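Q: This is a predicted model, with the sequence first.
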Amino acid sequence: MDPATIIGLLLAFGAMFTMLFMEGASPSSILLPAPMIIVFFGTIAVGIASGTIKDMLAAAKALPGAFRGKVGNARELVEQLVALAEVARRDGLLALEAEVAGAKDPLVARALQAMADGVDTDELRDMLEDHLMAAERDSAIASKWFNTLGGYAPTVGIIGTVVSLTHVLENLSQPDELGHMIAAAFVATLWGLVSANFIWLPIGARLGRLAELESERMNLAIEGLLAIHSGTPALVLREKLEGLLPQAAKAPSKTGAPVQREDFEAVP
């Protein structure tokens, strides 16, 4: 798990409320139900209207992943592929069918079954690349949906402010209340900006980054699987795949032991 999103959001909102305390204001001055309803519900509503129900459901399904930030371990993938290469060289491609059940990655499992079924290299490449493209397309839907909310939120906040100001203008005969009413009206604009820049856009960017990392891991798997299909020796395959890993993933520690970290783990 990479807690970057959780840490970042806590720091951002912490900074905002710290500013309120330093200015002598109370958090209750901005935690007003009416402006927050128009901003959050209104933004989500127009986000739904701008796409499809399937887009909204895909974004909701992907949301927990943005906070977990978990991406497959590339180092473990390399070790798995090297072990599979040894099996293929020793027992032949048909022996890979017995390894399908133990493959946790759907891409690897599908490729192993295809190799055992006797598909040629071009067909295998096309199949794996189609799987990658489908995964990238699905990931892009969620990221785009949250980025869309980030674009709508400030404008929805302004709409909330304008609606509140019309109520202010109806009460010009009560000058003692005008200051409070005007301040409350601008809370909608505040939450529009805050929700866009503290919530929606960071989540959209986070999902996009996680999708990039997963795409890199899947490309690594594809290269390894195609090499296994062509009969590449395990030692040669290891060198090839380790050359594709990020430098931080292959750098040894001062004691000479490999660095213990989850490769391709999400970063802020």
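A: Arrived safely. Numbers count the residues shown, from 1 in each chain.
Q: wait, isn't residue 105 in contact with residue 221?
A: Yes: distance between residue 105 and residue 221: 6.6 Å, which falls inside the contact criterion (CB atoms under 8 Å). C-beta here means a position set from N, CA and C on the backbone, and glycine is covered the same way.
Q: If you count surrounding residues, which of those two has more?
A: residue 221 (24 against 16; other CB atoms under 10 Å).
Q: element containing the more buried one, please.
A: Assigned by DSSP states H and E, residue 221 belongs to helix 201-229.
Q: in that helix, what counts as buried?
A: 201-218, 220-229 (16 or more other CB atoms under 10 Å).
Q: do stretch 231-247 as well
A: Result for stretch 231-247 [16+ other CB under 10 Å]: buried residues 232, 234, 237-238, 240-241, 245.
Q: List just the nearest of those residues to residue 13.
A: residue 245 (36.1 Å; CB to CB).
Q: Local confidence estimate at that closest one?
A: We note a pLDDT of 81 for residue 245 in this prediction.
Q: With residue 183 instead?
A: Residue 183 is assigned a predicted lDDT (pLDDT) of 82.
Q: For the helix or strand harbouring it, which outside residues touch it?
A: Residue 183 is part of helix 175-194, with elements assigned from DSSP H and E. Contacts with helix 175-194, where a contact means CB atoms under 8 Å, 6 or more residues apart in numbering, come from 16, 29-30, 32, 34-36, 38-40, 43, 153-161, 163-165, 167-168, 171-172.
Q: gap between it and the chain center?
A: Relative to its chain's centre, helix 175-194 lies at 34 Å (CA atoms, centre = their mean, to the nearest Å).
Q: cool, and stretch 152-167?
A: 30 Å.
Q: got the contact list for it?
A: Residues outside stretch 152-167 that contact it (CB under 8 Å, 6+ apart) are 34-35, 38-39, 42-43, 46-47, 50, 181-182, 184-186, 188-193, 195-196, 200.
Q: which of the residues you listed are buried?
A: The buried subset of the contacts of stretch 152-167 - by 16+ other CB under 10 Å - is 35, 38-39, 42-43, 46-47, 181, 184-186, 188-192, 195-196, 200.
Q: Which single one of the buried residues of stretch 231-247 is nearest to residue 119?
A: Distances from residue 119 to the buried residues of stretch 231-247, taken by CB to CB, are shortest for residue 232, at 17.1 Å.
Q: Checking that closest one next. Helix, strand or coil?
A: Reducing the assignment at residue 232 to three states with DSSP: H, G, I helix; E, B strand; the rest coil gives coil.
Q: What separation do you get for the closest residue to it other than its chain neighbours and residue 176?
A: Closest residue to residue 232 apart from its sequence neighbours, by CB to CB, 6 or more residues apart in numbering: residue 85 at 6.4 Å. As judged by CB to CB, to the nearest Å, residue 85 and residue 176 stand 80 Å apart.
Q: Then residue 45?
A: Distance from residue 45 to residue 176, by CB to CB: 35 Å.
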